[in-house]
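J.: the following block contains a protein sequence and its predicted model.
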Amino acid sequence: MTNVAEAPVLPLDRPARATAILFAVAVAVFTSACLVFVVQPMATKLILPTLGGSPSVWNAAMVFFQTALLAGYGYAHLLQRIGSMQRQVAVHLGLLLIAALFLPLRISGLLGDPDPSAPTLWMLATLTLSLGAPFAVLSATAPLLQAWYARASAGRAGRSDPYVLYAASNLGSFLALLAYPVLIEPLVSLSAQRWGWSLGYGLFVLMVVGLGLVVWRRRETVAAEPAPLAAGPRIAWREKGLLILLAAAPSSLMLGVTAHLSTDVASAPFLWVIPLALYLLTFVIAFQARPIIPLHLTLAIQAGTLAACAALAAFRTTEWLFVFGVNLTAFFFTALMCHQRMAERRPAPGRLTEFYLLLSLGGVLGGVFNALIAPVVFDMVWEYPLILVAVGLLRPWGRREMRSWEIICCVVGVLIAVAGPLGLALVRYAPDIRAVVPDHELVRIAQAVLGVAALFAFLLRDRAMMFTVVIGAMVWSGYHVARGYDWVLTERSFFGVMRVASTPIEGLDGPVHVLMHGTTLHGAQAQAARYRCMPTLYYATSTPLGQAALMTQAGRPDGAVIGVVGQGSGAMAAYKRAQDRMSFFEIDPMVDRLSRDPRWFSFINGCAEGPVRTVLGDARLTMGREAPGSYDLLIIDAFSSDAVPTHLLTVEAIAGYLRLLKPEGVVVLHLSNRNLEITLPAEAAAAALEAPALHQIYIERRDAASMSESSTEALIVGKSEAALAPYRQDPRWRTLEATGVRPWTDDYVNLFGALVRQMQYAVR
């Protein structure tokens, strides 16, 4: 996705007045850039409660913003056909005022609730109705002001290159994006953000009005306005294609690295803005008059970081900060390389708006590939490694004669990348090998071998084709070695990739079917008849979730009404007695289908006594339609990889759960999380509602069979003190001490603070 710099409409003849106008427009540049990019995480956050916490929500939103930006750039390009600058200003100001009718920002409810089986089109249409007009018109202001500046300063001695102003605008966008998760989200409520953005839009309109008055004043004092710029040489079709590719590759990589890291490393929505911020920073550097990182240095660093990323791309590790660093560094220098090569090809100012239109088109195509095409074509997030490899072809192709040592390096690099890891893959499942060398050690050996191959790839950095071949061999080999489980099924939906694996567990008498999303297990079921209906992992009878189910049933021999948010493999259905009623609230139809297929899991269709209901859709929406006071137990276990969607832990959400409970009912919040500390905000939300709560951290027993149970953290909230009385007698449940952590609400969530707290606990 690209953003364009806004520039002075026209420098005045007097130096002092010219400086004043330049300063005024610089403020307008910064304001416009901030508005265009602050609205993106804010609008995505507004729509999240209807679509869960999947990173696909952000990627689909990015397609909308890229398309709206393309529409804005197209309008700016067409507006140049009006010869008079005064008329251009009048038209643009009029459209800014019309778009203001859509303010204050809000998510339109005209289209109703999304269809969980196909939410992408609903999301794109809803965003278009909600903020398409103000976003598109606001983004169009940028190329317009650049074009006006180039036209007004044409022929003047010492005039500035209008493309340099592109860096200034992207710097404002970069700072705005960084400020959102660190300052805006933690300190400002969502409703205040909406109104603040709307007021900022109004301020920007006033700035354009001021610039328009300057144009009209110049019309009265100058005999003739600046003539339109000469168009200059046409951009050849081959050059247009290359510009589009150079724009599409970083756009695709940005969404690919977001999906890769959010799903497989740390699923925190506020982290989604980091790749976009780095993406914008590359524009700042690439379009400077004298880039602080010259292209030749970028090419060298990009080759090294891309090779390192290829060596690690397929492997999972708990060192998520390290993985973040490697992937984001490779992405940054790859995007910088593409944008610097793009900046080298910028045409004469007369073709400025056409140039930005091509860049925007490339951004849209990259986004469409990742958000709309890849989820249909690929069963996993293959788009990220695919583009990671293909981008090597966008490096300069060496024109000198090929040398023999380069051919040798290419052959040796491919052989090392393929033969070494594949050899390890063949022996890693041999019982005699596994008895001597642990699996994680074999994986480390494979990583080391790929590291050697990366050195050969780096030596070939001046040969784009050979470099790409070695990188491709590394990525293919790495994904083959790092398969881990023996996957028997992989499927993908809007909400992510679900995989079913079969793995032998000695303590469970043979194969166990495992359901995984990202790096998180969503359930496991032993296939041996003896253990088939035994709930496992977080749902074992020994964990807080199992304790609550058994306690509820013990007090209600005639039958209990149980609701579970998040279906997973359906393990909680193993608790259902014939007299009980159980409902799952699940957002992803694919999960419901997999968990009901006896080929993979039979908790629902096999272990449960009687039918089990599944209600599809976001839990906040669907549970709102349930009858008040109808449930004895609610279990909130909605994971998107490793993160609980934050809108399910707010004061309003917990109040909704309590509304559904019978007088002595309880709600259990499953809060196990590797990267975010979410217990204290949940406890604070219960305290704000004056609802009694108890906390438990269950530690998996060392003598327990693998996957039979799992360490679990949970908070139980009662409808009344009487509801928690049985749990207070159990020493495993304790009262948390009050802290200064602010409860999350639908209007306020502080994910950055949750990350900092978790990191502090890890250090301790």
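T.: Thanks, I have it.
J.: quick one: contacts for residue 240?
T.: residue 358 (Cβ atoms under 8 Å, 6 or more residues apart in numbering). Backbone N, C-alpha and C define where each C-beta goes, glycine included.
J.: any idea of the mean pLDDT in stretch 119-128?
T.: For stretch 119-128, mean pLDDT is 89.
J.: quick check: buried residues in it?
T.: Using 16 or more other Cβ atoms under 10 Å as the test for burial, stretch 119-128 gives 119, 120, 122, 123, 124, 125, 126, 127, 128.
J.: show me what contacts the last one?
T.: With Cβ under 8 Å, 6+ apart as the criterion, the residues that contact residue 128 are 64, 68.
J.: so how far is the helix or strand it falls within from its chain's centroid?
T.: Here residue 128, judged by DSSP states H and E, is contained in helix 119-152. Computed by Cα atoms, centre = their mean, to the nearest Å, the chain-centroid distance of helix 119-152 equals 22 Å.
J.: next secondary structure after the lowest-mean-pLDDT helix or strand in the chain?
T.: Lowest mean confidence among the helices and strands of the chain (mean pLDDT, DSSP states H and E): helix 431-436, at a mean of 54. The C-terminal neighbour of helix 431-436 among helices and strands, as given by DSSP H and E, is helix 439-459.
J.: would you map the strands across the stretch 451-600 of the chain?
T.: Counting by DSSP state E, counting those that start in this stretch, the stretch 451-600 of the chain has strands at residues 486-493, 496-505, 510-517, 520-526, 561-565, 581-586.
J.: can you tell me how far the closest residue in space to residue 540 that isn't next to it in sequence sits from residue 548?
T.: With Cβ to Cβ, 6 or more residues apart in numbering as the criterion, residue 540 has its nearest non-adjacent residue at 3.8 Å, and that residue is residue 709. Look at residue 709 and residue 548: by Cβ to Cβ, to the nearest Å, they are 15 Å apart.
J.: how about residue 125?
T.: 41 Å.
J.: likewise residue 740?
T.: Noted for residue 740: a distance of 29 Å to residue 548, by Cβ to Cβ.
J.: neighbour-wise, which of those two wins?
T.: Set side by side, residue 740 and residue 548 give different neighbour counts by other Cβ atoms under 10 Å, the larger being at residue 548 (24 against 6).
J.: now do the contacts for the more buried one.
T.: Residues counted as contacts of residue 548 (Cβ under 8 Å, 6+ apart) are 633, 635, 666, 668, 714, 716.
J.: Three-state assignment for the fourth one, please.
T.: Pointing back at residue 668 there. Put simply, residue 668 is strand when judged by DSSP: H, G, I helix; E, B strand; the rest coil.
J.: numbering from 379 from now on, please.
T.: Taking 379 as the first residue, the last one we looked at is residue 1046.
J.: taking the mean pLDDT, what do you get for stretch 668-676?
T.: Stretch 668-676 comes out with an average pLDDT of 89.
J.: got the buried residues for it?
T.: Those would be 669, 671, 673, 676, for stretch 668-676 by 16+ other Cβ under 10 Å.
J.: please tabulate those in CSV, including the columns secondary structure and distance to residue 623.
T.: As requested, the buried residues of stretch 668-676 are exported to CSV (DSSP: H, G, I helix; E, B strand; the rest coil; distance: Cβ to Cβ, whole Å):
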residue, secondary structure, distance to residue 623
669, coil, 21
671, coil, 22
673, helix, 17
676, helix, 17
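J.: now, among those residues, which is nearest to residue 629?
T.: Taking Cβ to Cβ as the measure, residue 629 sits nearest to residue 676 out of the buried residues of stretch 668-676, at 18.1 Å.
J.: quick one: that closest one and residue 717 touch, right?
T.: No - between residue 676 and residue 717 there is no contact under Cβ atoms under 8 Å: 9.4 Å.
J.: tell me which element the residue found closest to residue 519 once you drop the neighbours it is linked to in the chain falls in.
T.: In space, and not counting its chain neighbours, residue 519 is closest to residue 410: 5.6 Å by Cβ to Cβ, 6+ apart. Taking DSSP H and E as the criterion, residue 410 maps to helix 393-425.
J.: ramachandran angles for residue 1127?
T.: The phi/psi pair for residue 1127 (degrees, to the nearest 10) reads phi -140, psi 130.
J.: how many neighbouring residues does the residue lying closest to it once chain neighbours are set aside have?
T.: Among residues not flanking residue 1127 along the chain, residue 1024 sits closest, at 4.8 Å (Cβ to Cβ, 6+ apart). Number of residues near residue 1024 (other Cβ under 10 Å) recorded here: 24.
J.: again, but for residue 453
T.: Other residues near residue 453 number 20, with proximity taken as other Cβ under 10 Å.
J.: these two touch, right, it and residue 514?
T.: Yes - using Cβ under 8 Å, residue 453 is in contact with residue 514, at 7.2 Å.
J.: need the three-state assignment for residue 1083.
T.: Following three-state DSSP, the label given to residue 1083 is coil.
J.: ok, now which ones touch it?
T.: Residue 1083 neighbours (Cβ under 8 Å, 6+ apart): 883, 884, 885, 886.
J.: what's the spacing between residue 891 and residue 422?
T.: 35 Å.
J.: for residue 482, grab the count of nearby residues.
T.: Residue 482, neighbours per other Cβ under 10 Å, totals 13.
J.: scratch that, residue 1068 is what I was asking about
T.: Residues lying near residue 1068 (other Cβ under 10 Å) number 6.
J.: that one belongs to a helix?
T.: No - counting by three-state DSSP, residue 1068 is located in no helix; its state is coil.
J.: look at it and report its pLDDT.
T.: Note on residue 1068: pLDDT of 93.
J.: what's the answer for residue 657, then?
T.: 90.
J.: what's the angle from the helix or strand just after the helix holding residue 410 to helix 497-530?
T.: Per DSSP H and E, the first helix or strand lying C-terminal to helix 393-425 is helix 433-457. Counting by axes from the mean of the first three to the mean of the last three Cα atoms, to 10 degrees, helix 433-457 lies at 40 degrees to helix 497-530.
J.: centre of the chain versus helix 433-457, how much separation?
T.: On the basis of Cα atoms, centre = their mean, helix 433-457 sits 17 Å off its chain's mean C-alpha point.
J.: again, but for stretch 1097-1104
T.: On the basis of Cα atoms, centre = their mean, stretch 1097-1104 sits 39 Å off its chain's mean C-alpha point.
J.: which residues does that stretch contact?
T.: Stretch 1097-1104 has contacts (Cβ under 8 Å, 6+ apart) with 929, 933, 1036, 1039-1044, 1069-1072, 1094, 1096.
J.: out of the residues you listed, which sit inside helices?
T.: 929, 1036 (DSSP state H).
J.: right, and residue 686 touches residue 705 too?
T.: No - under the criterion of Cβ under 8 Å, residue 686 is not in contact with residue 705, lying 9.6 Å apart.
J.: assess the claim that residue 575 and residue 420 are in contact.
T.: Yes - taking contacts as Cβ under 8 Å, residue 575 lies within contact range of residue 420: 6.7 Å.
J.: need the residues touching each of the two.
T.: Common neighbours of residue 575 and residue 420 (Cβ under 8 Å, 6+ apart) are residue 483.
J.: residues near residue 570, how many?
T.: Residues near residue 570, counting by other Cβ under 10 Å, number 13.
J.: next: residue 988.
T.: Other residues lying near residue 988 total 12 when counted by other Cβ under 10 Å.
J.: residue 758 now?
T.: Using other Cβ under 10 Å, residue 758 has 16 other residues around it.
J.: nearest spatial neighbour of it, skipping sequence neighbours?
T.: Spatial nearest neighbour of residue 758, chain neighbours left out: residue 875 (5.2 Å); criterion: Cβ to Cβ, 6+ apart.
J.: having no further points to raise, I will conclude here.
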